[in-house]
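Chemist: Provided below for reference: sequence and predicted model.
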There are 2 protein chains.
Amino acid sequence: RTLNEVLFFPSELACVEQVFNPSSPHFPSSCSPSCPLPHGVETSFSRLLRRILSATSSLDLCVFSFSNMDLRRAVLALQSKGVTIRVLTDKEYAAITGSQIGVLRKAGICVRCDTASVYMHHKFAVVDSRLLITGSLNWTLTAVQSNKENILITEEPELVQPFIQEFHRLWVDNDPA
Amino acid sequence: RTLNEVLFFPSELACVEQVFNPSSPHFPSSCSPSCPLPHGVETSFSRLLRRILSATSSLDLCVFSFSNMDLRRAVLALQSKGVTIRVLTDKEYAAITGSQIGVLRKAGICVRCDTASVYMHHKFAVVDSRLLITGSLNWTLTAVQSNKENILITEEPELVQPFIQEFHRLWVDNDPA
Ligand SMILES: [Zn+2]
Ligand SMILES: [Zn+2]
């Protein structure tokens, strides 16, 4: 059966420690005792994080704006597990205040910036060359918590394959070498 | 067979008169003799226009920014054919220079503005309650001609139905009455 899922935002606010530390689902030890957020709640955002964290071999990320700290944490967690990560982003937005692109670079993640277009406006990710995550949502806090946004998740090859090819094309086009 | 299609932008530049007037495919009479654009060429944008123009009963459009004149023409053409059109858009962006939302309103199309969120950032349309058109692309000229953008088109019910429900929810929530 082909996975198809749609998530809408803004997401309910809830603690996502359990997503990063699934062993103790309700009150993970890494969560501060004073954490004021609801626990044990599935939200659009926790579902999105789970899909990203499901990567076992590769994550190809093509995103206009990346400033969300939980999404940064997810990418760095994959990096620690040995998942091959490639990030393609917009040249201009990579440099704005709050952008996490520099942090990813310092962590050794391969990042390329699109300099050719007015905006590199995509917001998609491909997990393990199999699962497409795409939509209107930039990887920012405002997108997750405040805006009306959508994320579409699918394993349908007719939808996933064109995004894999487009990622490859953009990746090669923006080789700085 | 379920339709699944992905389009990438920027689109090649080509004349779209043939999309609006399919009777004479290469040099439609409505096209000026001095039209400098390529003719008889399928592009991402002409494919997008065809999908929108395929509506026979309804078009539900939920889009952050709408300034593109060809897309305006497509919506007005559907309106003339008697297709029921509902447009949900961002309050702030409906008022910016170049926005075509006012023109749609004057043509008698039912428009509602989202005032609650920071941004009503969706960019999706549902054709005849059956075909979903969604992606990163706003309905602007820059998005079509300059940015790196994607549009995903699908008839897969697991993907289409949640967008129909979300449109309904947002439509009711933003009833000005
Ligand atoms: Zn907590
Ligand atoms: Zn022409």
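Modeler: Yep, it's here. Ligands and ions are numbered 1, 2, ... in the order given.
Chemist: near chain B, anything from the longest helix seen in chain A?
Modeler: For chain A, the helix that runs over the most residues, judged by DSSP state H, is helix A:157-173. Yes - using C-beta under 8 Å from any C-beta of the partner chain, helix A:157-173 reaches chain B at A:158-159, A:162-163, A:166, A:170. Quick note: C-beta positions are derived from backbone N, CA and C, even for glycine.
Chemist: buried members of those into ChimeraX, please.
Modeler: Applying 16 or more other C-beta atoms under 10 Å in any protein chain shown to those, the buried members can be selected in ChimeraX as follows:
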select /A:159,162,163,166,170
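Chemist: pLDDT added to the residues of helix A:157-173 next to chain B, as TSV?
Modeler: Shown next, in TSV, are these (pLDDT from 0 to 100):
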residue	pLDDT
A:158	98
A:159	98
A:162	98
A:163	98
A:166	98
A:170	97
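Chemist: okay, the residues of helix A:157-173 next to chain B in a markdown table with distance to residue A:10 next?
Modeler: Shown next, in a markdown table, are those (distance: C-beta to C-beta, whole Å):
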| residue | distance to residue A:10 |
| --- | --- |
| A:158 | 30 |
| A:159 | 25 |
| A:162 | 29 |
| A:163 | 25 |
| A:166 | 28 |
| A:170 | 29 |
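Chemist: show me which pair in the residues of helix A:157-173 next to chain B is furthest apart.
Modeler: The distance between the two most remote of the residues of helix A:157-173 next to chain B (C-beta to C-beta) is 19.9 Å, for A:158 and A:170.
Chemist: output the worst-scoring helix or strand of chain A on mean pLDDT as CSV, nothing but the C-alphas.
Modeler: Ranked by mean pLDDT, DSSP states H and E, the helix or strand of chain A with the weakest confidence is helix A:91-94, at a mean of 86. What follows is helix A:91-94, C-alpha atoms only, in CSV (Å, rounded to 0.1, in the frame of the first residue of the first chain):
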residue,chain,number,x,y,z
LYS,A,91,21.3,32.1,-1.6
GLU,A,92,19.6,35.2,-0.2
TYR,A,93,17.6,33.5,2.5
ALA,A,94,20.5,31.4,3.7
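Chemist: show the subsequent helix or strand relative to that helix.
Modeler: As assigned by DSSP states H and E, the chain's next helix or strand after helix A:91-94 is helix A:101-106.
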